[in-house]
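Trainee: Need coordinates for the following:
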Amino acid sequence: MTRQSKPILLITGMSGAGKSTVLKTLEDLGWEIVDNLPLLLLDRLLDTPRAQGQMDDSTPLAIGIGPQTRDFDADRIIGRIRDLRDRHGLEIGTLFLDCSGVELERRYSETRRRHPLAPDRPAGDGIAREREMLRPLRDWANRLIDTTTLAANELAQQIRHSFAQDDQGAPTLSIQSFGFARGLPRNADLVFDMRFLRNPHWDPRLRPGTGLDLEVAQYVMADPAYEAAVSRIEDLLLLLLPRYKAEGKSYVSVAIGCTGGRHRSVHVAERIAGRLRAEGFSPTVNHRDLGAAPQDSLEGPPVGL
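Mentor: Numbering: from 1, shown residues only. Here you go, the predicted structure:
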């Protein structure tokens, strides 16, 4: 069987240095993750085809390995990597996570966990033993990250910066219009209120329509406050979305509200989505209350016609 050419990253390092954080971050970026795989099973993993509907065979693969892994031997692992790289042409990198012994002892004390190599002895003994076992892999690795001064979110951010490709790691972006009279949407990250704009509901010609109709849109756009307000909201989102991506936020939900959720919020949600698409984002749009019947009792007094 011909093995697929795909990036493979071996992740190893000191226990407590952040391997779990790295694996979880790569998984969020779309990598296939396998942790503590015995070396004897590596060939079987690489040769096993994916089931229908799973990731394609070019999906990058991250393999976590350490002294807790069955049949662990650093020199044998290096030899196996060299063989797979040289004889089979596989693209295999090695990331080593290091950390000072003092900081590792502090982390074990803080979490009250036992070091896996010193279950009945001080953590420092296990750290020293593990460092010696891993020394060949540390010297071999083509990338090293020292996490001594890094918090978990800082390590995750560094991994995203190094391994995200194109739009990988970008949060899933959704824009929803809604009516305040029918309740706030659940789980909205950002809510913008369009009730300051004049309300098409009180124009008998426009009431049956929605914000998707040209006449309704033109009516809303004619409000003197419209352009300045909506353009500022768009600029704010363009400022925030890259920051959300850098922080590893997986989902961003933007809610645009008006009174009934049929006119102003619908038009503004479509306008903002169009601007974001023009800037390279891919928002989905949902109009929660678009199908609701117009009701005077929900709209309040006809102010700002």
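
Trainee: Leu241: what's it in contact with?
Mentor: Pro171, Leu173, Val252, Leu276, Phe281 (CB atoms under 8 Å, 6 or more residues apart in numbering). Every C-beta, even on glycine, is put in place using the N, C-alpha and C of the backbone.

Trainee: Can I get the helix or strand hosting it as CSV, trimmed to CA atoms?
Mentor: Counting by DSSP states H and E, the element that carries Leu241 is helix 226-246. Extracted in CSV, the C-alpha atoms of helix 226-246 (Å, rounded to 0.1, in the frame of the first residue of the first chain):
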residue,chain,number,x,y,z
TYR,A,226,-27.9,54.8,9.4
GLU,A,227,-24.6,55.0,7.5
ALA,A,228,-22.4,56.3,10.3
ALA,A,229,-23.8,53.8,12.8
VAL,A,230,-23.7,50.7,10.6
SER,A,231,-20.3,51.4,9.1
ARG,A,232,-18.9,51.8,12.7
ILE,A,233,-20.4,48.4,13.6
GLU,A,234,-18.7,46.9,10.6
ASP,A,235,-15.3,48.5,11.5
LEU,A,236,-15.7,47.2,15.0
LEU,A,237,-16.3,43.6,13.8
LEU,A,238,-13.3,43.8,11.5
LEU,A,239,-11.2,44.9,14.4
LEU,A,240,-12.5,42.2,16.8
LEU,A,241,-12.7,39.1,14.5
PRO,A,242,-8.9,38.7,14.0
ARG,A,243,-8.4,39.1,17.8
TYR,A,244,-11.0,36.4,18.4
LYS,A,245,-9.1,34.2,16.0
ALA,A,246,-5.7,34.9,17.7
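
Trainee: Pull the number of nearby residues for the closest residue to Gly101 other than its chain neighbours.
Mentor: Spatial nearest neighbour of Gly101, excluding adjacent residues (CB to CB, 6 or more residues apart in numbering): Ile127 at 5.0 Å. Neighbour count for Ile127, taken as other CB atoms under 10 Å: 23.

Trainee: Likewise for the one 4 residues further on?
Mentor: The tally of other residues near Arg131 (other CB under 10 Å) stands at 15.

Trainee: Is it correct that Leu9 falls within a strand?
Mentor: Yes - assessed with DSSP: H, G, I helix; E, B strand; the rest coil, Leu9 lies in a strand.

Trainee: who does it bridge with?
Mentor: Ala62, Gly93 (DSSP bridges).

Trainee: That one reaches Pro60, doesn't it?
Mentor: Yes - using CB atoms under 8 Å, Leu9 is in contact with Pro60, at 6.9 Å.

Trainee: which secondary element of the chain has the worst mean pLDDT?
Mentor: helix 296-299 (a mean of 63; mean pLDDT, DSSP states H and E).
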